[in-house]
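Student: Whatever this is, show me its structure:
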Amino acid sequence: MKKFVLVVLMIFSIFSISVSAQEEYLKGKILKLEDCLSPEEEVEELKEIMLYSVVIAEGPREGNTILVEFPIYREEAFNINVKEGDRVVLYYEVDDEGNEKYYIADIDKRMDILYLTGIFVLIVLLLAKFKGFKAMIALLLVILFIYKFFLPGIILGYSPILLSVIVALFASVVTIYLMTGFNRKGVVAIIGSFGGVIIAGALSYTFVNTMRLTGYVTTETLNYASMLGNIKVKEMISAGVILGSMGAVMDVAMSIASALNELKEKNRDIHRKELFYSGMRIGSDIIGTMINTLILAYIGSSLMTSIFIYMQKDQYPSIRILNFESIVVEILRALCGSIGILIAVPVTAYIAAKIYSKK
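Tutor: Presented below is the predicted three-dimensional model:
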């Protein structure tokens, strides 16, 4: 029965994801460099124009070879490094006179993503076998839930915090159920992980309001502010804390729940208090590495921001740097997520001691 449920969930997760194609973008492949042209007009930013022959690889014009002009700018940061044989994304448009025009918009990276995904899946299956398969099914379902429920809900104006709590609960239930089932160990892990995440979200919500944060952290958010009319931008910070800390908190809760279950199985006469203190000792060993993992993950995700701040450390005093919203938000996420991990340890140990000690 359980295998049947897994297969149904897998089929549902695969066929429920709909992908809508944009007609103005096409897949192509660069055949060769035909010519190198100088700009017709003196443009300071433009260095030269490369003329490539490109074959269209999809759509009604599949197989047609076209010539595409590709500008090379003097500022290297604006250039896309393309060469013969590259798979590219073509932008297609029709001008006012009815002439078709094609531009190289980007390198087509989908095959590389597919290869990397294949390596990931292969390693998971080789090392974890059927449990790894179930873990990937859980991951697919969580991604599907975020894509179909969480993101549309935010856009429609619902509370990102409430939606993220629902996603966190869904993720913990699905993942732990597929790993262990709804036994005592699974229930303890779900309650422990959910408790830690709720504390992290509540703390972040409290300090977002006390620090008067707006939620407009990045330049992109400010640029698209007009499109965010229905979205509660400020709550997105706390929603990010809840989702970002969910994996680490779940890992801690599952580890403690599993270890205490094993202790109880080996020693049926162990007292509830001793079981709790054993959970706290196990948790203290886990806490150090998990907190480092979470904080380093947040530092890694905002590495360019950290570099920009470091480069300007002589221009801005600490009183200014520590009040940049982008810096404050990253500190908030790291600390609130870490507190969620800390809280998950005693919560999980206490729940485990209570449930495992019952006849």
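Student: any idea of the pLDDT on residue 56?
Tutor: Here, the pLDDT recorded for residue 56 equals 89.
Student: Against residue 102, how distant is it?
Tutor: Applying Cβ to Cβ, to the nearest Å, the value for residue 56 to residue 102 is 8 Å. Every residue, glycine included, has its C-beta placed from N, CA and C.
Student: so what's in contact with these two at the same time?
Tutor: Jointly contacting residue 56 and residue 102 under the rule Cβ atoms under 8 Å, 6 or more residues apart in numbering are 26, 28, 66, 90.
Student: State the pair within those that is farthest apart.
Tutor: Largest separation among these by Cβ to Cβ: 26 and 66, giving 10.3 Å.
Student: would you list every one of the strands in this structure?
Tutor: Ranges of strands in the chain, per DSSP state E, are 25-37, 46-56, 65-73, 87-94, 100-107.
Student: chain center to stretch 64-73, what's the gap?
Tutor: Remark: stretch 64-73 is offset 34 Å from the chain centroid, using Cα atoms, centre = their mean, to the nearest Å.
Student: same thing with stretch 181-192?
Tutor: From the chain centre to the centre of stretch 181-192 is a distance of 25 Å (Cα atoms, centre = their mean).
Student: if we can go back for a sec, for the shared contacts of residue 56 and residue 102, give me TSV that also has neighbour count and pLDDT.
Tutor: Formatted as TSV, the shared contacts of residue 56 and residue 102 follow (neighbours: other Cβ atoms under 10 Å; pLDDT from 0 to 100):
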residue	neighbour count	pLDDT
26	23	87
28	29	91
66	17	88
90	24	90
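Student: Give me the common contacts of residue 26 and residue 66.
Tutor: With Cβ under 8 Å, 6+ apart as the test, residue 26 and residue 66 both reach 56, 102.
Student: neighbours of the closest residue to residue 279 other than its chain neighbours, just the number please.
Tutor: Counting by Cβ to Cβ, 6 or more residues apart in numbering, residue 349 is the residue found nearest to residue 279 once chain neighbours are left out, at 2.8 Å. Applying other Cβ atoms under 10 Å, we find 26 residues neighbouring residue 349.
Student: got a list of what residue 349 touches?
Tutor: Contacts of residue 349 (Cβ under 8 Å, 6+ apart): 256, 260, 275, 276, 278, 279, 280, 282, 283.
Student: quick one: which of the residues you listed is nearest residue 77?
Tutor: Nearest member of the contacts of residue 349 to residue 77, counting by Cβ to Cβ, is residue 283, at 46.3 Å.
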